[in-house]
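Visitor: Sequence unavailable; structure follows:
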């Protein structure tokens with residue numbers, strides 16, 4: 001039996017703009033040769049990650065009525081850009097994308113994970129307090145939010161390729 005694809009889940013659970021946007025997002029990932037790997041499924045939620053050269057770039061949770069995209073918790077993730085005062089010589093994303101990302105910073109809610117309490121993080125050049133280990137979260141993102149996620153993933157892939 002073959003594993004279910006994110007496209008299968010999206011087509012089954014969503015219609016209209018959400019379906020169109022996420023099918024476009026999945027196509028974008030395939031064009032970049034970034035495989036979506038299903039790593040777990042519960043009764044109502046499918047879990048996927050995007051893994052590139054051994055680095056998990058982000059996680060995608062597809063529930064019955066929502067889709068959530070979270071930044072990874074490992075180095076080379078969205079939270080590590082510009083961290084510890086290291087600045088990139090060229091902006092890795094434009095100001096409009098940074099503003100979207102900054103609105104999606106997740107605060108620690110003391111869930112009991114080993115990294116609690118939240119930490120001070122520098123995300124795309126801006127300081128935030130009490131940040132969750134999975135620093136950015138997008139809940140059923142609209143078109144502009146998905147464009148932000150696409151650009152962040154593309155920048156991370158390019159960063160890994162340059163290493």
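Guide: Thanks, I have the structure now. Everything numeric in this text was worked out from a predicted model, so none of it was measured.
Visitor: What segments of the chain are strands?
Guide: 36-41, 46-52, 55-62, 67-71, 105-107, 119-123, 126-139 (DSSP state E).
Visitor: between these, which gets nearest to residue 17?
Guide: Evaluated with CB to CB, these place strand 67-71 nearest to residue 17, the distance being 12.1 Å. In this view, the C-beta of every residue, glycine as well, is placed from N, C-alpha and C.
Visitor: just the angle between the closest one and strand 46-52, please?
Guide: Strand 67-71 and strand 46-52 meet at an angle of 40 degrees, taking axes from the mean of the first three to the mean of the last three CA atoms, to 10 degrees as the criterion.
Visitor: got the contact list for the residue lying closest to residue 14 once chain neighbours are set aside?
Guide: What sits nearest to residue 14 in space, not counting adjacent residues and going by CB to CB, 6 or more residues apart in numbering, is residue 22, at 6.8 Å. For residue 22, the contacting residues are 6, 10, 14, 67, 146, by CB atoms under 8 Å, 6 or more residues apart in numbering.
Visitor: just curious, which of these is nearest to residue 49?
Guide: residue 6 (10.6 Å).
Visitor: can you pull up the bridge partners for the residue lying closest to that closest one once chain neighbours are set aside?
Guide: Nearest non-adjacent residue to residue 6, counting by CB to CB, 6+ apart: residue 36, 5.0 Å away. Assessed by DSSP bridges, residue 36 has beta-bridge partners residue 50.
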